[in-house]
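>>> okay, sequence plus prediction incoming.
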Amino acid sequence: MELKPLRAFVAIIEEGSFAGAARRLGISKSMCSKMISDLEADLGGRLLSRSTRAVKPTAVGLAFHAELTQILGQLDAAAEAVKAAGEHPAGPLRIAAPVQYTLKVLQPHLFRFMDDHPDIQLDLVLEDGRSDMVREGFDAMIRIGELEDSALHARRLDDAHILLVAAPDYIQRHGSPRIPADLRDHACLHYTNLRGPGTWPLRNGNEVIYQKITPAFSSNNGDLLRAMAVGGRGIALAPEFQVAADLAEGRLVQVMPDYALPGVPVHVVYSSRKLVTAALSRFLDFLGGLKLV
């Protein structure tokens, strides 16, 4: 049911005439009359009693008016709330982001965002999967890796370096692989959120090699894989930001450095510029201002 006839009906009751309602709505008197006739036809009942001197609501029309004014009032309030959210950075903001990237890279900056925007209720959901943004109610998502083709808008934030790493103890016991094919003879710790089951993307110059591996251990949690690598359980393919401290302190060493992936993109994705609230706009500006790239 269209809103214009409903608003015309309320205006007629409040103004006491078709002419007054037409002036309020900025339409012709004949258009106002037609809206009411169509509305009554749709509802199957007469809402107004008309005479040459006055127009008054019927008993049914009076009850309908009472219900309708409450409904329209709630609708107007909801619309104003959405409009206000689009103008002032306030209200809930739900973001999905990778666990370790958030903890290692973004976390030091989040306090400043919260201090600068105290009216934004930030809900940061840490997960390494590939959630459906619309279905799960996220305003935006931060993703590592090449994006699939979609209708989502994307803004590049950073480049993640992906390394092959292992514990010194593991290398002493099993030796170090020299080329991707050597990985078939090693215990590989596989991150299951990578595209392609049991396949590792490795770069040699401008070429990307998709090396088939047989995982000795698999998980969708990067920190668990890191712990397995530190414990000497095998070779892991891990982001540098996750293992930088382990490399610096000797708990891990880089394996086959010529085959690292030096520039895996990190994006923030969102649905549409037209639907960006002030809260999301501030968060996008905040991420862009970090100059992580």
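Nice, thanks for sending it over.
>>> just the CA trace of whatever helix or strand Gly20 lives in, in PDB.
In this structure, Gly20 is located in helix 18-25 according to DSSP states H and E. What follows is helix 18-25 as a C-alpha-only set of coordinates in PDB (Å, rounded to 0.1, in the frame of the first residue of the first chain):
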ATOM      1  CA  PHE A  18      -9.900  18.300   0.700                       C
ATOM      2  CA  ALA A  19      -8.700  21.800  -0.200                       C
ATOM      3  CA  GLY A  20      -6.700  22.200   3.000                       C
ATOM      4  CA  ALA A  21      -5.100  18.800   2.700                       C
ATOM      5  CA  ALA A  22      -4.200  19.500  -1.000                       C
ATOM      6  CA  ARG A  23      -2.500  22.700   0.000                       C
ATOM      7  CA  ARG A  24      -0.500  21.000   2.800                       C
ATOM      8  CA  LEU A  25       0.600  18.200   0.400                       C
END
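>>> ok, and what's touching the helix or strand just after that helix?
Sequence order places helix 29-43 as the next helix or strand after helix 18-25, per DSSP H and E. For helix 29-43, the external contacting residues (Cβ atoms under 8 Å, 6 or more residues apart in numbering) are 1, 4-6, 8-9, 11-12, 18-19, 21-22, 25, 46-48, 64. Using the backbone N, CA and C atoms, a C-beta is placed for each residue, glycine as well.
>>> for Gly137, grab the count of nearby residues.
Neighbours of Gly137 under the rule other Cβ atoms under 10 Å: 13.
>>> what do you get for Phe113?
Neighbour number of Phe113 under other Cβ under 10 Å is 19.
>>> distance of it from Ile144?
20 Å (Cβ to Cβ, to the nearest Å).
>>> swap in Ala160?
6 Å.
>>> hey, what's in contact with both of those two?
By Cβ under 8 Å, 6+ apart, the residues touching both Ala160 and Ile144 are 101, 239, 264-266.
>>> using pLDDT, spot the least trustworthy of those residues.
Lowest pLDDT within the shared contacts of Ala160 and Ile144 is found at Val264 (86).
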